[in-house]
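Chemist: Predicted model follows, preceded by the sequence.
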Amino acid sequence: MNSFKQLRGMDRNVWIRFVGEAINGIAFMMLMPFFALYLKDKVDSLLLVGIVMAVAPIASVFGTMIGGKLADIYGRKPVMVTSMAGNGFVMLGFVFFDTFYAFIILSAFMGFFNSLFHPAASAMVADVTAPDKRTEAFGLLRLGHNIGAAIGPLIGASIIVISKSVIFLIAAGTVFVYSLVVLLFIYESLPKKDKKDSLLDSNNQAEKLPSPFKVLIQDKVLLVFVLTGVVISMSFSQTEGMLPLHFDNELKHLPPERNPFPYLMAFNGLLVVLFQLPISSWAAKKKIGFVMIIGAFLFGLGQIAIAWFPYMFYAQRTEFYLILIVMLIVYGIYTLGEMLISPVQMTFISNIAPDHLRGTYMGASGLQWILGGAIGPLISGYLLDKSLGNMMFTGLGIGCMIAGVIYVAIDRMVTPPSEKQVLIEKESSL
């Protein structure tokens with residue numbers, strides 16, 4: 001209850017984004033559990049599926065290069081509205097085009113517009129939220145997304161047998177609605193002084209904002225954080241994108257409609273809805289590195305189990321409902337790790353970013369998702385074609401555990417000695 005009382009003080013912008021994330025989550029999670037399977041029916045191999053899915057994060061490099069910087073110059077709101085409207089048109093494109101090359105182009109635009117949105121949206125949350133409340137604010141937004149994630153896959157499973165086009169149309173419609181909500185109800189949060197200075201002509205400009213790449217080179221802590229996060233982002237992208245193909249390969253004794261993935265995604269969303277807020281509230285009182293190593297280890301263990309359990313189920317010809325029960329337990333462990341990692345990652349970036357460069361830092365941190373999202377599908381497409389999904393998820397699980405150790409080290413690098421002593425005393429008293 002305490003976490004809910006504390007959330008009442010969150011800024012209006014955060015609450016509007018919470019509602020929007022819930023609506024958007026329903027639409028996208030209707031689509032995503034079936035997207036890889038949909039592409040599998042349209043192209044000639046799983047490697048081509050991986051190529052299509054890898055194009056989006058590659059194209060998002062361009063959005064990241066300009067998205068955070070534009071948000072620091074012109075404001076968070078116009079960048080958010082433009083990116084969501086663009087994504088709505090991309091979703092409509094999947095209804096009218098049906099070839100490999102068309103999917104490549106659409107995937108590229110989807111990656112570009114997505115990468116415009118997140119740095120601006122994350123910077124806006126940091127603008128309006130006190131540093132000690134940011135973990136809870138980002139946790140609240142994950143809660144909104146996962147309200148949709150708990151409902152969307154089950155709706156999608158019932159609609160997909162009728163028409164795939166309907167799912168794309170609904171997704172496009174909700175993205176357009178979300179963009180209108182932001183346009184009409186969210187206020188601009190870019191600090192006025194920064195906005196005024198950033199709009200001066202080049203002769204009088206107080207400072208030129210660096211690109212995300214320059215920020216990465218200059219801030220070694222941020223660079224190590226991003227490189228470490230690549231394995232985390234690879235794990236997210238493969239579990240949410242290519243896992244249904246792994247199940248399809250390994251659980252050969254089950255018909256396609258018994259693929260457990262939609263039910264796991266719905267369960268994932270439900271767990272986040274029920275537990276993200278208290279977990280975020282708990283995590284906000286702990287050392288960031290401490291939270292991240294626990295989350296990374298649970299995240300990694302879940303993926304190792306995902307790697308090998310389907311192989312054992314097929315060998316034993318296990319019944320669907322027993323498979324589902326066991327995989328729900330495994331996915332619960334994976335989800336607990338996810339709930340610990342995600343909001344704390346954003347809090348870490350918010351805390352090390354200078355106020356006038358929050359959008360740029362968020363854009364730079366987004367490179368971890370770009371690299372992981374681009375490399376992951378290419379590797380997994382190749383390995384899944386060879387029926388080696390178990391090796392892929394095992395490697396990702398071990399990599400996540402190693403990443404957790406590195407997170408502890410870089411968090412120690414940025415924590416002042418006085419703050420370390422306060423945190424030690426706080427944790428010893430709990």
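Modeler: Cool, the structure landed.
Chemist: now Ala126, nearest residue through space, not along the chain?
Modeler: In space, and not counting its chain neighbours, Ala126 is closest to Ser350: 4.3 Å by Cβ to Cβ, 6 or more residues apart in numbering. (C-beta placed from N, C-alpha, C; glycine too.)
Chemist: could you list every residue that touches that neighbour?
Modeler: By Cβ atoms under 8 Å, 6 or more residues apart in numbering, Ser350 lies in contact with Ser122, Val125, Ala126, Pro131, Arg134, Arg358.
Chemist: And Ala149, by the same measure?
Modeler: Counting by Cβ under 8 Å, 6+ apart, Ala149 touches Gly25, Met29, Met265, Ala266, Asn268, Gly269, Val272.
Chemist: Strands along the protein, start to end?
Modeler: Here the chain has no strands by DSSP state E.
Chemist: Give me the longest helix you can find in it.
Modeler: If you go by DSSP state H, the chain has its longest helix at helix 320-352.
Chemist: Quick check: buried residues in it?
Modeler: Neighbour counts over helix 320-352 (16 or more other Cβ atoms under 10 Å) mark 323-324, 326-328, 330-352 as buried.
Chemist: so who does Leu116 touch?
Modeler: Contacts for Leu116 (Cβ under 8 Å, 6+ apart) come out as Gly63, Ile66, Gly67, Leu70, Val79, Thr82, Ser83, Gly86.
Chemist: Of those residues, just say which sits nearest to Gln238.
Modeler: Checking these against Gln238 with Cβ to Cβ, the nearest one is Gly63 at 21.5 Å.
Chemist: I'd say the closest one and Phe109 touch.
Modeler: No: using Cβ atoms under 8 Å, Gly63 is not in contact with Phe109, being 9.8 Å away.
Chemist: Between these two, which is the more surrounded one?
Modeler: Applying other Cβ atoms under 10 Å to Gly63 and Phe109 shows that Gly63 carries more neighbours, namely 26 against 18.
Chemist: separation between the more buried one and Gly86?
Modeler: Going from Gly63 to Gly86 by Cβ to Cβ, to the nearest Å gives 10 Å.
Chemist: Over to Leu340?
Modeler: Leu340 sits 32 Å away from Gly86, going by Cβ to Cβ.
Chemist: How about Tyr101?
Modeler: Distance, Tyr101 to Gly86, by Cβ to Cβ: 20 Å.
Chemist: Give me the more crowded residue out of those two.
Modeler: Ranked by neighbour count (other Cβ under 10 Å), Tyr101 and Gly86 place Gly86 first, with 19 against 9.
Chemist: Give me the below-cutoff pLDDT ranges for this structure.
Modeler: 1-8, 33, 160-164, 192-209, 415-430 (pLDDT under 70).
Chemist: who are the neighbours in contact with Val272?
Modeler: By Cβ under 8 Å, 6+ apart, the contact set of Val272 is Arg142, Leu143, His145, Asn146, Ala149, Ala150, Thr335, Glu338, Met339.
Chemist: again, only this time at 7 Å
Modeler: Arg142, Leu143, Asn146, Ala149, Thr335, Met339 (Cβ atoms under 7 Å, 6 or more residues apart in numbering).
Chemist: what do you get for His246?
Modeler: So His246 contacts Pro310, Leu384, Gly389 (Cβ under 7 Å, 6+ apart).
Chemist: do the same with Ala121
Modeler: Contacts for Ala121 (Cβ under 7 Å, 6+ apart) come out as Arg17, Met80.
Chemist: The nearest residue to Ser107 once chain neighbours are set aside: neighbouring residues, count only.
Modeler: Spatial nearest neighbour of Ser107, chain neighbours left out: Val55 (4.2 Å); criterion: Cβ to Cβ, 6+ apart. Neighbours of Val55 under the rule other Cβ under 10 Å: 22.
Chemist: Next one: Val55 from Pro210, what distance?
Modeler: According to Cβ to Cβ, Val55 stands 27 Å off from Pro210.
Chemist: do His253 as well
Modeler: To Pro210, His253 is 55 Å away according to Cβ to Cβ.
Chemist: what's the answer for Tyr331, then?
Modeler: Counting by Cβ to Cβ, the separation of Tyr331 from Pro210 is 40 Å.
Chemist: that older thread, for ChimeraX, write a command that selects the buried ones of the contacts of His246.
Modeler: Command for ChimeraX that selects the buried part of these, burial taken from 16+ other Cβ under 10 Å:
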select :310,384,389
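Chemist: In helices only, show me the contacts of His246.
Modeler: Mapping these onto helices (DSSP H) picks out Pro310, Leu384, Gly389.
Chemist: can you redo those as a markdown table with distance to Leu37?
Modeler: What follows is those, written out as a markdown table (distance: Cβ to Cβ, whole Å):
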| residue | distance to Leu37 |
| --- | --- |
| Pro310 | 16 |
| Leu384 | 12 |
| Gly389 | 14 |
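Chemist: Going by distance to Phe236, which of those wins?
Modeler: The closest of those, once distances to Phe236 are taken by Cβ to Cβ, is Gly389, at 16.0 Å.
Chemist: For the closest one, give its distance to Ser380.
Modeler: Noted for Gly389: a distance of 7 Å to Ser380, by Cβ to Cβ.
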